[in-house]
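In: coords please:
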Amino acid sequence: MKAIGYFEAGALDRADALIDLDVPMPAPGPQDLLVKVAAISVNPVDTKIRSRRGATGDTPEVLGWDAVGEVVSCGSAVSGFVAGDRVYYAGALERPGSNAEYQLVDARIAAHAPLSLSAAEAAALPLTAITAWELLFDRLGVSEGGGEGLTLLVVGAAGGVGSILVQLARQLTMLTVVATAARAESVTWVKGLGAHHVIDHSQPLLPQLQALGIKDVELIASLTHTDQHYPQYGDCIAPQGRLGVIDDFGPLDMSVLKRKCASFHWEFMFTRSMFETADMAEQGKLLQRVADLVDAGTLRSTLGEHYGAINAANLKRAHALLESGKARGKLVLEGF
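Out: Sure, this is the predicted structure:
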């Protein structure tokens, strides 16, 4: 089957950074769905893994953690799915990815795709929807319908996670949502997703919050460049507030949060599948809830740009845009 992958980890400017391949068809295990992939989206994790993790022996590394496709067959222990179902999922970090014609995914972390979306529109959602949902409701501790009188600051709101987080916070809670964006097109994008206010993260945050009449914020979702923005968070966060982060960075000085007794929370959506936690199936349920909310018109796809067919050349273009830090919404590819 067709796939896109690589053998040696490294920078994108090498000819073999991503190449078109032919690899064997996988066979499903008891908990697996074998899916014929229709569309995928590209996430920052793709670029990070490509630059850091090489292939094992003669088996190429095939990336990709967002997909929409049709179930071809089901493992013996699978329930809730049958051949022909259209599903969407974010996959598992340690398994071959969705940059291939066929992929295996554990049925517990998959769901039926939204009926109202095209394959490309649906492919934009899984990884970022899981991340945003877990960050908002599990890590920051907001309850659905709750948050009245509280403010959520979303730093880096125009990216994939921010684009769904802003919607979830606005549509499912009573939070005041303050989003950050630096470019004019990003400001327009975030406002369209429902942010109450938009401020510029390239400028000091606290004076902009105060200009809105906001003394401090109870909740901060730091989605990108946390190491750059973190020194400001001690001043912006309210006493006993919560800071949630998703990106990679070096050591931080935790004493910045001490005097406010503010707490620090990691969100990493691959934890459940990586460790096969007892609540692993919650991700499948979460994705089904998101699909239902999309079909009800409560949430919308965060597709930013369609990059054409799934091949090495187009994936290189998508990786390059993500590495530039200028992507808005999700980058999607469709068909082989």
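In: is it true that Thr226 touches Gly244?
Out: No: using Cβ atoms under 8 Å, Thr226 is not in contact with Gly244; the gap is 10.1 Å. Heads up, the C-betas are built off the backbone N, CA and C, glycines and all.
In: residue boundaries of the helices in the chain?
Out: Secondary structure of the chain, counting by DSSP state H: helices at 44-52, 119-123, 126-133, 160-172, 184-193, 205-211, 226-236, 255-258, 271-275, 282-295, 312-324.
In: what's the third one in contact with?
Out: Residues from elsewhere that reach helix 126-133 (Cβ atoms under 8 Å, 6 or more residues apart in numbering): 41, 43, 45, 65-67, 88-90, 160-165, 168, 246, 267, 269, 283, 286-287, 290, 302, 330.
In: Look at Thr226 and Gly244 and report which has more neighbours.
Out: Neighbour count, other Cβ atoms under 10 Å: between Thr226 and Gly244, Gly244 has more, with 24 against 19.
In: what sits against that one?
Out: Leu135, Arg139, Leu140, Leu219, Ile220, Ala221, Ser222, His265, Trp266, Glu267.
In: hmm, back to that, so which of the helices of the chain is nearest Gly335?
Out: Judged by Cβ to Cβ, the one of these that comes nearest to Gly335 is helix 119-123, at 8.5 Å.
In: For the contacts of Gly244, give me TSV that also has pLDDT.
Out: Converted to TSV, the contacts of Gly244 look like this (pLDDT from 0 to 100):
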residue	pLDDT
Leu135	98
Arg139	98
Leu140	98
Leu219	98
Ile220	98
Ala221	98
Ser222	98
His265	98
Trp266	98
Glu267	98
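In: Neighbour count and distance to Lys316 for those residues - can I get that in TSV?
Out: Output for these, formatted as TSV (neighbours: other Cβ atoms under 10 Å; distance: Cβ to Cβ, whole Å):
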residue	neighbour count	distance to Lys316
Leu135	27	30
Arg139	22	33
Leu140	25	35
Leu219	27	37
Ile220	30	34
Ala221	29	30
Ser222	25	29
His265	16	34
Trp266	10	30
Glu267	21	28
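In: State the pair within those residues that is farthest apart.
Out: Spatial extent of the contacts of Gly244 (Cβ to Cβ) is set by the pair Leu219 and Trp266 at 15.0 Å.
In: so how far is the lengthiest strand in the chain off the chain centroid?
Out: For the chain, the strand that runs over the most residues, judged by DSSP state E, is strand 32-42. Centre-to-centre, strand 32-42 and its host chain are 16 Å apart (Cα atoms, centre = their mean, to the nearest Å).
In: do the same with stretch 103-118
Out: The chain centroid and the centroid of stretch 103-118 are separated by 15 Å under Cα atoms, centre = their mean.
In: Tabulate the CA atom coordinates of that stretch in PDB.
Out: Provided in PDB are the C-alpha atoms of stretch 103-118 (Å, rounded to 0.1, in the frame of the first residue of the first chain):
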ATOM      1  CA  GLN A 103      -4.100   2.200   9.200                       C
ATOM      2  CA  LEU A 104      -4.800   0.300  12.300                       C
ATOM      3  CA  VAL A 105      -6.400   2.100  15.200                       C
ATOM      4  CA  ASP A 106      -7.600   0.900  18.600                       C
ATOM      5  CA  ALA A 107     -11.400   1.000  18.400                       C
ATOM      6  CA  ARG A 108     -11.600   2.500  22.000                       C
ATOM      7  CA  ILE A 109     -10.100   5.800  20.800                       C
ATOM      8  CA  ALA A 110     -12.100   6.100  17.600                       C
ATOM      9  CA  ALA A 111     -15.600   7.400  16.900                       C
ATOM     10  CA  HIS A 112     -18.100   7.700  14.100                       C
ATOM     11  CA  ALA A 113     -17.200  10.800  12.100                       C
ATOM     12  CA  PRO A 114     -19.600  13.800  12.000                       C
ATOM     13  CA  LEU A 115     -22.300  13.200   9.400                       C
ATOM     14  CA  SER A 116     -22.400  16.900   8.400                       C
ATOM     15  CA  LEU A 117     -18.800  17.200   7.500                       C
ATOM     16  CA  SER A 118     -16.700  16.200   4.500                       C
END
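In: burial of the closest residue to Ala17 other than its chain neighbours, as a residue count?
Out: Among residues not flanking Ala17 along the chain, Tyr6 sits closest, at 6.1 Å (Cβ to Cβ, 6 or more residues apart in numbering). For Tyr6, the count of nearby residues is 21 (other Cβ under 10 Å).
In: that older thread, okay, the helices of the chain in TSV with mean pLDDT next?
Out: As requested, those are exported to TSV (pLDDT from 0 to 100):
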stretch	mean pLDDT
helix 44-52	95
helix 119-123	97
helix 126-133	97
helix 160-172	97
helix 184-193	95
helix 205-211	98
helix 226-236	97
helix 255-258	96
helix 271-275	96
helix 282-295	98
helix 312-324	96
